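Peer 1: no FASTA, just this:
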Ligand code: GDP
C-alpha cells in the first residue's frame, strides 16, 4: 500500500494529527490488517464508486484502498550532524513513498515554538536543509566508491554521473524533488542511490480554526511550497473528528466551513501525486479498491491481489465502472457488449471493474 512518511519539527502538531489517525477505531475495525505498528496509521482513500458496486453486487463490506502514514520522529535542526539522522529515521524514511512535512501555521503562545517564532517558510527550510545534508553525506561516501567501480567496469558510468549531478543540486541547498529533473539528474538512478530528497514532498499546514477557510493565507502558503502540493487542516479538529461518529463529524466539519477531514484530503493528494490509480473488484463478500501504478498491465494488477494471480494469469474480464454503473448489472453490461476479455498486455484504466482468470 501507499506509505506516506510524516516529518516535522517538534511541537507543530504531528502527534496530535497522528493520534487522530490511529484513534480512528471505525477505520481500524474495517481494515484487514492484523496488527498495526504504533507509529503507523491507515486512512482509506474515499471512493464513492465502491458504494455503488456494493449495491450492484450486494457486497457485505466495502474496502477502500488504504493509505498508510508513518510517523517519522527525530528531525530537528542539526539532526544530520554528529551521529547523523539515526538508523531508525533513515529506515523509516526510505520505506516511505512520499514525504509529508507538517508545518505549524497556528499561533498559540502557550505552545513553545522550537525556533522561537512561527514561520512556516523557515521551518520548511530547516527540514529541507537536514534532508539535503543527509543526501550530501550519502553521496560523500558513495561517489569515491562509484568512481572505483566505474574504473573497474563494475558500475555503469551513468550512475556516477547521476550522483555528481545530484551533488551539484544539493550543494546549493535544493532538494532533488524540486530541482533534480530540471538540472538533468537521472532521478531513477538517484533514487537507486537511496537519496531521500528524490521522494515526492507534500505539505500539511496546521492552521488555526480561522485559518481553515482563509483563502488568502492558503494562497500565500501554497506559493512557499510550489510545485509541491499543500493541504490545510487543523490538527486539534482532526483529533476531535476522530472521536465522533460519521454524522456528528459531518456536523462539526460544516460548523467550521470545511467539506471533508484533512486526512482524507491528504490521502487523496498523496495518491494522485504518486502516479497511482485504483481498479475495483466486487462480489457478494466485498467491494474493494486495489492500488496500482499508472501504466500497470493486467497481470501486474493481478499480482497486487496475490503473486499466484500474476504468475498464473490467463485473462481478465473487465468492464469500466461507468459502463457497469449505467447498465446496473453485470448481465446487462454483458448484453450491451460492455464486458471485455483482456489479455496480458492490457494496460489497466482507473476504475476498471475486474475479474481475473488464472491457473494455480
Ligand atoms: P509534535 O511535537 O509535532 O508531535 O506536536 P504535538 O502534536 O505534540 O503538539 C504540540 C502542542 O501543540 C500540543 O500542546 C498540542 O495540543 C498543540 N497543538 C497541536 N495542534 C494544534 C493546533 O492546531 N492549534 C493549537 N492551538 N495547538 C495545537
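Peer 2: In hand now; what should we look at? Small disclaimer: the values here were computed from a predicted structure and weren't measured.
Peer 1: So what touches the helix or strand hosting residue 220?
Peer 2: If you go by DSSP states H and E, residue 220 is part of helix 215-225. By Cβ atoms under 8 Å, 6 or more residues apart in numbering, the residues outside helix 215-225 that reach it are 103, 105, 120, 121, 124, 201, 203, 205, 207, 211, 230, 232. C-beta coordinates here come from the backbone N, C-alpha and C atoms, glycine included.
Peer 1: Any buried residues in that helix, and which?
Peer 2: Using 16 or more other Cβ atoms under 10 Å as the test for burial, helix 215-225 gives 217, 218, 221, 222, 225.
Peer 1: can I get the residues you listed in CSV with distance to residue 335 and pLDDT?
Peer 2: Formatted as CSV, these follow (distance: Cβ to Cβ, whole Å; pLDDT from 0 to 100):
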residue, distance to residue 335, pLDDT
217, 54, 93
218, 49, 94
221, 52, 95
222, 49, 95
225, 51, 92
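Peer 1: low-scoring stretches of the chain, by residue?
Peer 2: 22-38, 74, 82-85 (pLDDT under 70).
Peer 1: quick one, strands of the stretch 251-360 of the chain?
Peer 2: Under the criterion DSSP state E, counting those that start in this stretch, the stretch 251-360 of the chain contains strands at 276-282, 286-293, 313-320, 340-342, 352-358.
Peer 1: Excluding chain neighbours, what is closest to residue 69?
Peer 2: Spatial nearest neighbour of residue 69, chain neighbours left out: residue 41 (4.7 Å); criterion: Cβ to Cβ, 6 or more residues apart in numbering.
Peer 1: Distance-wise, check the residue of the stretch 251-360 of the chain found nearest the ligand relative to residue 238.
Peer 2: Residue nearest to the ligand within the stretch 251-360 of the chain: residue 262 (10.5 Å; Cβ to the nearest ligand atom). Counting by Cβ to Cβ, to the nearest Å, the gap from residue 262 to residue 238 is 6 Å.
Peer 1: quick one on the thing from earlier: of all the contacts of helix 215-225, which comes closest to the ligand?
Peer 2: residue 207 (7.0 Å).
Peer 1: Next, that closest one: phi, psi?
Peer 2: phi -100, psi 160 (degrees, to the nearest 10).
Peer 1: show me the residues around it that make contact.
Peer 2: Counting by Cβ under 8 Å, 6+ apart, residue 207 makes contact with 105, 106, 214, 217, 232, 233, 234.
Peer 1: repeat for residue 230
Peer 2: The contact partners of residue 230, taken as Cβ under 8 Å, 6+ apart, are 202, 203, 204, 205, 218, 221, 222.
Peer 1: Show me the two of these that sit farthest apart.
Peer 2: By the measure Cβ to Cβ, 202 and 218 form the most distant pair in the contacts of residue 230, at 14.7 Å.
Peer 1: wait, residue 58 sits on residue 286?
Peer 2: No - assessed by Cβ atoms under 8 Å, residue 58 is found out of contact with residue 286, at 10.8 Å.
Peer 1: Look at those two and report which has more neighbours.
Peer 2: Between residue 58 and residue 286, residue 286 has the larger neighbour count (other Cβ atoms under 10 Å), namely 17 against 11.
Peer 1: just checking, residue 320 touches residue 350?
Peer 2: No - between residue 320 and residue 350 there is no contact under Cβ under 8 Å: 9.3 Å.
Peer 1: The two: who's more crowded?
Peer 2: Between residue 320 and residue 350, residue 320 has the larger neighbour count (other Cβ under 10 Å), namely 18 against 14.
Peer 1: Specify the beta-bridge partners of the more buried one.
Peer 2: Note on residue 320: beta-bridge partners residue 352, judged by DSSP bridges.
Peer 1: Report the secondary structure state of residue 155.
Peer 2: With DSSP: H, G, I helix; E, B strand; the rest coil as the basis, residue 155 sits in coil.
Peer 1: touching the ligand at all, the longest helix belonging to the chain?
Peer 2: Across the chain, the longest stretch assigned as helix under DSSP state H is helix 120-151. No - Helix 120-151 is not in contact with the ligand by Cβ under 6 Å from any ligand atom; minimum separation 10.8 Å.
Peer 1: how far off helix 215-225 does that helix point, in degrees?
Peer 2: Here the directions of helix 120-151 and helix 215-225 differ by 20 degrees (axes from the mean of the first three to the mean of the last three Cα atoms, to 10 degrees).
Peer 1: re earlier: out of the strands of the stretch 251-360 of the chain, which gets nearest to residue 190?
Peer 2: Closest approach to residue 190 among those (Cβ to Cβ): strand 286-293, 18.8 Å.
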